[in-house]
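In: have a look; sequence and predicted model below, questions after that.
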Amino acid sequence: MKRKCALEALKYIQDGMIIGLGGGSTVAYLVEYLSQEKKDIQVVTPSYQTAQLCLQYQLPLLPTWSVDNIDIAFDGCDEVDLKLNALKSGGAIHTKEKIIAAMAKQYVLLVDESKVYETLPFHHSVTLEIIPESMSIVKKQIEQLGGKVHMRSSKAKDGFTMSDHGNFIMDASFQHVKDIKKLNNDLNNIVGIVETSLFVGLVTSVISVDDAHVRVIK
């Protein structure tokens, strides 16, 4: 299914484009197909793994800071709904992903059908990149919004997990969210939060696949 999704995404890419590529296995297949097609494109990515693949397949890479406009960007997510709200959780590179999404004329999510919902269920936590000094006050204000907070840590590192920018990664779980836009605004108004993994007003379309069908949600 992931290969099918990547092949569908390939149809949107034309010579001369600057494209954004996120992380994950579906994007990895897309990188492979782009190298086979020998399209005249340049790539911007928030993912070290995707960057390594682009180097391996000899796709030209641009640093994100060097561009202010991207023709089309592709990424994955953990949940997306029919209003094109999306939630990511795992990679903790959502701040860099949002920078690319904000620059992209089209920001397209590549998913299997099991990740598409009528409205976001928040089965996954909202990942927050926070300034280390703000940890206590952010925790307090998230709890006032009805969230449960967990500081992310790793067995591979002593202390809390840190972002590529040297900030802490916090996970906030929410249940029975009635107004996604309000939650998004409330989170963005908390001083100390750099960015959240809740994507509202950024996704332009979703390519969703199952065993039998390809569906484009706009």
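Out: Sure thing, it's come through. Residues are numbered from 1 along each chain as shown.
In: from here on, contacts and neighbour counts on C-alpha atoms
Out: OK.
In: which parts of the protein belong to which domain?
Out: Following the TED database, the chain resolves into domains at 1-116+200-212, 126-196.
In: turn the ones you listed into a markdown table, columns for distance to Lys218 and mean neighbour count.
Out: Compiled in a markdown table, the domains of the chain are given as follows (distance: least, CA to CA, whole Å; neighbours: other CA atoms under 10 Å):
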| stretch | distance to Lys218 | mean neighbour count |
| --- | --- | --- |
| domain 1-116+200-212 | 5 | 19 |
| domain 126-196 | 18 | 16 |
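In: tabulate those (TSV), appending mean pLDDT.
Out: Below are these laid out as TSV (pLDDT from 0 to 100):
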stretch	mean pLDDT
domain 1-116+200-212	95
domain 126-196	95
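In: return the list of helices and strands in contact with the longest helix seen in the chain.
Out: Ranked by residue count, the top helix of the chain under DSSP state H comes out as helix 25-37. Packing contacts for helix 25-37, counted by 3 or more CA pairs under 8 Å, 6 or more residues apart in numbering; DSSP states H and E, involve helix 2-10, helix 48-56.
In: for the first one, packing partners?
Out: Looking back up the chat, that one is helix 2-10. On a contact count with 3+ CA pairs under 8 Å, 6+ apart, helix 2-10 meets helix 25-37, strand 104-112, strand 205-209.
In: with the last one instead?
Out: Here helix 48-56 touches helix 25-37, going by 3+ CA pairs under 8 Å, 6+ apart.
In: and the helix it packs on with strand 104-112, angle?
Out: With axes from the mean of the first three to the mean of the last three CA atoms, to 10 degrees as the basis, helix 25-37 and strand 104-112 are set at 120 degrees to each other.
In: re earlier: for Thr95, which of the helices and strands packed on helix 2-10 is the nearest?
Out: For Thr95, the closest of the helices and strands packed on helix 2-10 is strand 104-112, at 14.5 Å, according to CA to CA.
In: need the residues that contact that closest one.
Out: The contact list for strand 104-112 (CA atoms under 8 Å, 6 or more residues apart in numbering) reads 1-2, 5-6, 9, 20, 26, 69-77, 101, 202-210.
In: stretch 204-218 too?
Out: Residues outside stretch 204-218 that contact it (CA under 8 Å, 6+ apart): 1-2, 4-5, 8-9, 82, 84, 106-113, 116.
In: got the helices and strands packed on helix 25-37 as TSV, with distance to His124 columns?
Out: Shown next, in TSV, are the helices and strands packed on helix 25-37 (distance: least, CA to CA, whole Å):
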stretch	distance to His124
helix 2-10	21
helix 48-56	23
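In: quick one: closest of the ones you listed to Val177.
Out: The nearest among the helices and strands packed on helix 25-37, by CA to CA, is helix 2-10 at 29.6 Å.
In: so what angle separates the directions of the closest one and strand 104-112?
Out: On the basis of the same axes, to 10 degrees, helix 2-10 is oriented at 160 degrees to strand 104-112.
In: can you pull out the helices in this structure?
Out: In the chain, the helices defined using DSSP H lie at 2-10, 25-37, 48-56, 94-103, 135-144, 180-188.
In: can I get those helices in JSON lines with distance to Pro63?
Out: Output for these, formatted as JSON lines (distance: least, CA to CA, whole Å):
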{"stretch": "helix 2-10", "distance to Pro63": "22"}
{"stretch": "helix 25-37", "distance to Pro63": "17"}
{"stretch": "helix 48-56", "distance to Pro63": "10"}
{"stretch": "helix 94-103", "distance to Pro63": "11"}
{"stretch": "helix 135-144", "distance to Pro63": "30"}
{"stretch": "helix 180-188", "distance to Pro63": "26"}
